[in-house]
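> need a structure here:
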Amino acid sequence: MRYFKLTIAYDGSDFHGWQIQANKPTIQGEIVGVLRRVTQEHILLHGAGRTDAGVHALGQVGSFKTQSALSAQEFQRALNALLPPTIRIVAAEEVGPDFNARWSARGKIYRYRIYRGRVVPPMVWRYVLHYPFPLDEDAMRDAAARFVGMHDFASFAASTGTADDDKEPSTEREIFSTEVAHSPDNEELVFTVNGRSFLRYMVRKMVGTLLDVGRGKLAPADIDQLYELKDRSKSGPTVPPQGLVMVAVQLDEAWRIGLP
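Got it, this is the predicted structure:
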């Protein structure tokens, strides 16, 4: 048996998220379909995270095992030739049996883009939330800094989690860093968060809460109270998915030991 790691980028606009769903186009479903066609095997593809419908990725990570004799480069070429152009295999490499895209993930970086200009250019509307109204950005930065650390994010999650979350009922999560900054062209306000793992809708609820802080509906200090309340109705709204992108997955590199 051989084992492979894929680094995957996709435009999630036309897909119903990462996870395979019956009669609906998904990222996992498209890739699995091509892998099964190429190998004539019942391939299972594991992902580092399950992005929701409409969410994009620059550095999603997937893993699968196969008895195929194809090289990593041949898999990459075959996948990119047969997948829709909205899904690209950025890199492929053969790994050891200890690697699993989900269990080897030690952190994920997400980015949410808020377009601040009066008119959204047609080239970017699929990838941003349009909010041209005044915001107190200093208050938003203060609030974002309060996400860092180990906290109970029950107020920032969906009412029910994924199947994986149900197996791990704790809503505590560790956030390594956050940033609220302008894009180089100053047209966008970008929220970047790096964390160990995330609850369903957590990043989008965090952004909605930051917007409420920027609008003056919440104070930065209210973030600490939200941890105590554990009531998602008290935090900000869940912002639309199109502004969110999984930028990168940080991996435990122990699986490389012993590989050439």
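
> mind showing which ranges of the stretch 151-260 of the chain have poor pLDDT?
For the stretch 151-260 of the chain, the stretches with pLDDT under 70 are 159-168, 253-260.

> now the helices for the stretch 1-150 of the chain?
For the stretch 1-150 of the chain, the helices identified by DSSP state H, counting those that start in this stretch occupy 27-39, 72-82, 137-145, in order along the chain.

> neighbouring contacts of the second one?
Right, helix 72-82. With CB atoms under 8 Å, 6 or more residues apart in numbering as the contact definition, helix 72-82 has outside contacts at 4, 6, 31, 34-35, 37-38, 68, 70, 88-89, 91-94. (Each C-beta comes from the backbone N, C-alpha and C, glycine too.)

> select only the buried ones of these in ChimeraX?
In ChimeraX, a selection of the buried entries from those looks like this (16 or more other CB atoms under 10 Å):
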select :4,6,31,34,35,38,68,70,88,89,92,93
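
> out of the helices of the stretch 1-150 of the chain, which is closest to Gln242?
Relative to Gln242, the nearest member of the helices of the stretch 1-150 of the chain by CB to CB is helix 27-39, separated by 15.1 Å.

> can I get the helices of the stretch 1-150 of the chain in CSV with distance to Ala181 and mean pLDDT?
Supplementary listing: those in CSV, determined by distance: least, CB to CB, whole Å; pLDDT from 0 to 100:
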stretch, distance to Ala181, mean pLDDT
helix 27-39, 28, 97
helix 72-82, 33, 98
helix 137-145, 9, 98
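
> what's the closest of these to Gln19?
Between Gln19 and those, the shortest separation by CB to CB is 5.7 Å, and it involves helix 27-39.

> against Asn194, how distant is Ile109?
Counting by CB to CB, to the nearest Å, the gap between Ile109 and Asn194 amounts to 5 Å.

> please consider this matter closed, and thank you.
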